[in-house]
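Enquirer: Sequence and predicted structure are below.
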Amino acid sequence: MRVINIIAYILVIVGAVNWGLFGIFNFNLVSSIFSGARAAGSIITYSIIALAAIWLIVSPMITNGVLWLRGHRAD
């Protein structure tokens, strides 16, 4: 589950950078990579980023409030 959390964080950061670029410079990085905001690649990318954000919301609920990013040690 640790790997999934790290991947989710990276995807959410990519989404946040895209929103920042769009808000500040009116430049949509994802749509420029895939040649349009409604291109299949853009829709897939937006959907994966949204699922990663949902995972980061739901994951602590599953693990009793703990979001593992590192391996835990038994004390």
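Expert: Cool, got the structure.
Enquirer: List the buried residues of stretch 53-62.
Expert: By 16 or more other C-beta atoms under 10 Å, the buried positions in stretch 53-62 come out as Trp55, Leu56, Ser59. No exception for glycine: its C-beta is placed from N, CA and C like everyone else's.
Enquirer: for it, what is the average pLDDT?
Expert: The average pLDDT for stretch 53-62 rounds to 90.
Enquirer: Which residues does that stretch contact?
Expert: Residues external to stretch 53-62 that are found in contact with it (C-beta atoms under 8 Å, 6 or more residues apart in numbering): Met1, Ile4, Asn5, Ala8, Tyr9, Leu11, Val12, Gly15, Val66, Leu67.
Enquirer: If we use 10 Å, what do you get?
Expert: 1, 4-5, 7-9, 11-12, 15-16, 66-68 (C-beta atoms under 10 Å, 6 or more residues apart in numbering).
Enquirer: so how far is the strand or helix carrying Gly20 from its chain's centroid?
Expert: For Gly20, the host element (DSSP states H and E) is helix 2-25. Between the mean C-alpha location of helix 2-25 and the chain-wide mean there is a distance of 5 Å, by C-alpha atoms, centre = their mean, to the nearest Å.
Enquirer: any idea which helix or strand comes after it?
Expert: From helix 2-25, the next helix or strand downstream (DSSP H and E) is helix 29-33.
Enquirer: Now that following helix: buried residues?
Expert: Using 16+ other C-beta under 10 Å as the test for burial, helix 29-33 gives Leu29, Val30, Ser31.
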